[in-house]
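Asker: predicted model and sequence below, questions to follow.
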Amino acid sequence: MYKLSLALKSLAIALLTTSLLSACGFQLRGDYLLDDELQTLYVSSSDIHGELTRLVKLSLTRNQVNVLKRSKADIPELRILSDKLDRRTLSLFSNGQVAEYELIYSVRYQVRFTGEDAKEFRFELYRDYQDDPNLALAKSRELALLLSEMRASAADKILRDLARIQR
């Protein structure tokens, strides 16, 4: 009787946890089900050695997408048009120096299928960054880490967008 009660409690806890996670929209990230047509892809960029291009290629490869080194006529192309970082002042110290910035990372890219016009996408990612002139070295390192995180998020967003493309 005790074992049955314990088994029922465990089952109830597992069901409750599963329903709470699904109700809040939780999803595991990392595996993207790309359309069969996108299982082989050519990736090009205005900055072929750029960090975003490298991260996108790496993410595609991790998701078992064959990334070609050269363009072929019948293979879709993912072209990263631009990625840039802007910043906007959010607050100032009493002496007039900037205390806080909003970092804006903008990405434009397009997906081109054979015989069709390119579909263009764009998005922006935002992060707040608190500056402190007394800790310039530490803050420059923090800014570099934030930018690296934003690029990784952008590569992830591009894969999510590719997974939504239905033809």
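Answerer: Perfect, I can see it now.

Asker: and the strands in this protein?
Answerer: Per DSSP state E, the chain carries strands over the ranges 40-45, 66-68, 77-92, 98-112, 119-130.

Asker: lowest-confidence helix or strand of the chain?
Answerer: Across the helices and strands of the chain, the lowest-confidence element by mean pLDDT, DSSP states H and E is helix 2-23, at a mean of 76.

Asker: do you know which of the strands of the chain lies nearest residue 10?
Answerer: Among those, strand 119-130 comes nearest to residue 10, with 40.7 Å by CB to CB. Backbone N, C-alpha and C define where each C-beta goes, glycine included.

Asker: buried stuff in the closest one?
Answerer: The neighbour-count check on strand 119-130 (16 or more other CB atoms under 10 Å) flags 121, 125, 127, 129 as buried.

Asker: with stretch 98-107 instead?
Answerer: If you call a residue buried by 16+ other CB under 10 Å, then stretch 98-107 has these buried ones: 101, 103, 105, 107.

Asker: quick one: average pLDDT of that stretch?
Answerer: In this model, stretch 98-107 has an average pLDDT of 90.

Asker: and that stretch, how far from the chain's centre?
Answerer: Put simply, stretch 98-107 sits 17 Å off its chain's centre (CA atoms, centre = their mean, to the nearest Å).

Asker: quick one: residues in contact with that stretch.
Answerer: Outside stretch 98-107, the residues that touch it by CB atoms under 8 Å, 6 or more residues apart in numbering are 52, 80, 82-93, 122-132, 143, 146-147, 150-151, 154, 157-158.

Asker: now do 6 Å
Answerer: 83-93, 123-131, 150, 154 (CB atoms under 6 Å, 6 or more residues apart in numbering).

Asker: same check, this time on stretch 146-160
Answerer: Identification of contacts with stretch 146-160 by CB under 6 Å, 6+ apart yields 32, 51-52, 55-56, 59, 105, 107, 125, 127.

Asker: mind checking pLDDT for the spatially closest residue to residue 103 that is not a sequence neighbour?
Answerer: In space, and not counting its chain neighbours, residue 103 is closest to residue 127: 4.6 Å by CB to CB, 6 or more residues apart in numbering. Note on residue 127: pLDDT of 92.

Asker: and what of residue 34?
Answerer: 79.

Asker: got phi/psi on it?
Answerer: Residue 34 adopts backbone torsions of phi -80, psi 150, taken as degrees, to the nearest 10.
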